[in-house]
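In: A structural model of the following input is requested.
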Amino acid sequence: MTLLDAGGRSNSIAPAGPQIVALDDESAASPDLAGAKAAMLADALRRGLPVLDGAVITTVGTRAWTERGPLDHAHDLWSSLSRDGAIPLVVRSSSTIEDGTQSSNAGRFTSVLRVSGWPSFVEAVDAVLRSAAIAGDAPMAVLVQPWLDASVGGVAFGADPVTGAADVVVSAVRGGPDSLVSGQEQGITLRLDRRGRPRGDHPHAVQLLARSDRRALARMVSRLGEEFGGPQDVEWAIDDRHRLWLLQTRPITALGAPLTGPRLGPGPVAETFPDPLAPLEEDLWIPAVRDGIEQALVLSGARRRSEVERSPVVVSVGGRAAVDLDLIGAAPARRRWWSPLDPRPGFRKVGSAWRVGRLRSSLPYLVEQLVLDTDQALLDVPAVSELEDEQLLLILQNARDTLRALHGHEILMGMLLPTNVAATSVAGRALTEISRGRATGRTDAEIIRREPSTLALVPPRVGPLPELPPTTLAYHPAGDDPADRNALLREALRLRVRWVHELTARAAWELALRLTESGWLYQPSCARYLRLDEVANVVAGGRPPSDLRDRIADEQPPLPAVFRLREDGTVAAIDRQNSAAVGAGGGRVEGVVHIGDDPPPGAVLVVDTLAPGLAPVLPGVTALVAETGSPLSHLAILAREFGVPTVVSYPDATTAFRPGERVLVDGTTGEVTRLDGGEPADAHHDETVTTEVRRR
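Out: Below is the predicted model:
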């Protein structure tokens, strides 16, 4: 299109340049002159993409407009694009800080739709320029285009903004995309491959988007990613002649990292480590669990050594332990089409049968000897207060071998010697011992000293001697059925694991007290945040790490039942069940519910819609839950950029939750779970299955 030249320049305006340029003008592709939004569209137009005609009041022109009012040639701009007022216009912000790779500032500036008449046009430009105050001194240009009367419109991402998967994620509504990006409507969301074929079943999308529309949209989004060097966040519309138009494109910000590795879950180790572990506790106890699982899997023939070596086996995320569920067979198997033809599992079973047979017959005797050896080793250790620093350190370093053997044999017992457990469990015995001890007036320390089996009821922790749980259980001695020898042996192994944990915890705490007394530590609890090699260094005369205080962090929320780790180490839950809500990203976090506007700092904000006015409060909230909205709306994008876990399209959220109750919000799966009662908020939602680690 041809428009007027620059005019009415003022010597006081810098930098120099035209005040108004057509979108197809070469200078319109300059972000400094046209702002980022208009410059991207101008660049796309030059590359042959379907962009509407338009013009830009440049950053030079808007400065003049702000100082002196409407530009001399502004009326000509309005008349040309509106055909002398015959069609309405769209007047949109195009700041130099919009649509960047790190921050989109989505929805923070004003855009005015369906502008009819010259006076309304002047008012619309003024409104856009007033919104520039949000960004301080950042220059603002104004993009002007004809209003498109769209039959379908929406947003499309060239990658999944939550998981990073290389799909085209589309949200569409009838009409233009403005109701979708504002959060007023959630639209229909579907995934397309690069050829426009839907992934999964989307019957409503077929009614809204014809096959040719889906193909054209997927091709355009893919091409934009290729042209601009990465997946794009695209606003689009289709007119009544099925012509696809590009309304806006920008890089996807806060793009979720791709998922890697096996399916993980805390289930198999949650009983041993129900609470988060500090770094020293991780070093003392997690490697032994990992080694024990590896040995059991290889010795039993359940897994080849190469499979075990490729697996993380056990990981710690925010101090919470989880196991490779695929490796240990605790997750449903994923069969390939060629699985029935694969002879290797059969050969593997035959090859391991001999080993398993020998293990099954000899394992109870091996376990009995291991239990006796462990008991003797524990009896041989003097009171930790009587040991030198170097001797305490040796306990911490050498206990791993004993723990490895105990864990490995306990896992083998469970794999090779299945039995119906009828013997009195260690936990049951511990309860009766606590009840009997308290009935006779003993303190917790005295009960633990007389009946160390009571330690089975408290998790291991480097710190003061643990407090036993309250119980009113009456003491009823119970006998064991000698026929349940295997069950008794397995319980004995679990108890010895706990005793060795406690020995290392006591030794570490004694060292912590001594290091604090000598001035090396600020307080004893700081020792929990040292690594084992750092403890050894301090014992040898070295200084603690300078960042020790910075390592002390808030407790992390529980891990999902099944999850994968992203490339950046954050958690993303999988196997989500039947939830009507949609995760819009940001990770996982727990907090206290606030309904409506003006949330206090750190609240979980629950609203009916993702209104643009929420943008200023997003940095101060812990999480955001909305009854409507799309994960591709402006507010959802901003929330991801701020690292705020966000859930949209949650039915009746403002009535499902109570102000002041504590919830866990998962921006990946869309699950919101009550922590006080442990139940989902309503019948629409299953219990939480998913993070990302708590936002800092």
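In: Spell out which helix or strand contains Glu368, please.
Out: Assigned by DSSP states H and E, Glu368 belongs to helix 344-380.
In: Can you name the element that comes right after that helix?
Out: Past helix 344-380, the next helix or strand by DSSP H and E is helix 389-416.
In: residues of that next one that come out buried?
Out: Judged by neighbour count (16 or more other Cβ atoms under 10 Å), helix 389-416 contains these buried residues: 389, 392-393, 395-397, 399-400, 402-413, 415-416. Quick note: C-beta positions are derived from backbone N, CA and C, even for glycine.
In: my read is Gly154 is in a helix, agree?
Out: No - under DSSP: H, G, I helix; E, B strand; the rest coil, Gly154 falls outside any helix and is assigned strand.
In: That one contacts Ala172, doesn't it?
Out: Yes - applying Cβ atoms under 8 Å, one finds Gly154 in contact with Ala172, separated by 3.7 Å.
In: show me where the stretch 51-200 of the chain has helices.
Out: 59-68, 74-82, 118-131, 178-181 (DSSP state H, counting those that start in this stretch).
In: Checking the nearest residue to Leu259 once chain neighbours are set aside next. Helix, strand or coil?
Out: Distances taken as Cβ to Cβ, 6 or more residues apart in numbering place Arg564 nearest to Leu259, at 4.2 Å, with adjacent residues excluded. With three-state DSSP as the basis, Arg564 sits in strand.
In: burial of Arg564, as a residue count?
Out: The local packing of Arg564 (other Cβ atoms under 10 Å) involves 17 other residues.
In: Also the one 4 residues further on?
Out: As a burial measure, Asp568 scores 12 neighbours (other Cβ under 10 Å).
In: While we're on it, how confident is the model there?
Out: Predicted confidence (pLDDT) for Asp568: 74.
In: Ala133 versus that one, what's the distance?
Out: 35 Å (Cβ to Cβ, to the nearest Å).
In: now swap in Asp324 and tell me
Out: 53 Å.
In: Same check on Gly441?
Out: 71 Å.
In: Between the two, which is the more surrounded one?
Out: Taking neighbours as other Cβ under 10 Å, Gly441 and Ala133 compare with Ala133 leading, 11 against 7.
In: Domain map for the protein?
Out: Domain assignment for the chain by automatic domain parsing gives 1-147, 576-674.
In: okay, these, which one's buried deepest?
Out: Sort the domains of the chain by mean neighbour count, taking mean count of other Cβ atoms under 10 Å, and domain 576-674 sits at the top with a mean of 22.
In: ok, back up a step: list residues touching both of Gly154 and Ala172?
Out: When Cβ atoms under 8 Å, 6 or more residues apart in numbering defines a contact, the residues bordering Gly154 and Ala172 alike are Leu180, Gly187.
In: more crowded one of the two?
Out: The neighbour comparison of Gly154 against Ala172 (other Cβ under 10 Å) goes to Gly154, with 31 against 27.
In: Now do the contacts for the more buried one.
Out: Neighbouring residues of Gly154 by Cβ under 8 Å, 6+ apart: Val170, Ser171, Ala172, Val173, Pro177, Leu180, Gly187, Glu235, Trp236, Ala237, Leu632.
In: Closest one to Gly48 out of those, please.
Out: The closest of these to Gly48 turns out to be Trp236 (Cβ to Cβ; 15.9 Å).
In: Just confirm that closest one is within a helix.
Out: No - Trp236 sits outside any helix when classified using three-state DSSP, being strand.
In: what pairs with it across the strands?
Out: Counting by DSSP bridges, Trp236 is bridged to Gly154, Leu246.
In: helix or strand right after the helix-or-strand element of the chain with minimal mean pLDDT?
Out: Least confident helix or strand of the chain, by mean pLDDT, DSSP states H and E, is helix 203-208 with a mean of 70. Once the chain leaves helix 203-208, the next helix or strand it forms, by DSSP H and E, is helix 211-228.
In: and that following helix, what does it pack onto?
Out: With contacts taken as 3 or more Cβ pairs under 8 Å, 6 or more residues apart in numbering; DSSP states H and E, helix 211-228 sits against helix 31-46, strand 152-157, strand 168-174, strand 188-192, strand 232-238, strand 244-251.
In: Can you point out the buried residues in it?
Out: 213-218, 220-225, 228.
In: Give me the residues contacting that helix.
Out: With Cβ under 8 Å, 6+ apart, helix 211-228 has contacts from 40, 43-44, 47, 49-50, 152, 156-158, 168, 170, 192-198, 205, 209, 231-232, 234, 236, 238, 242, 244, 246, 249, 251.
In: buried subset of those residues?
Out: For those, buried by 16+ other Cβ under 10 Å: 40, 43-44, 49, 152, 156-158, 168, 170, 192, 196, 198, 205, 209, 231-232, 234, 236, 238, 244, 246, 249, 251.
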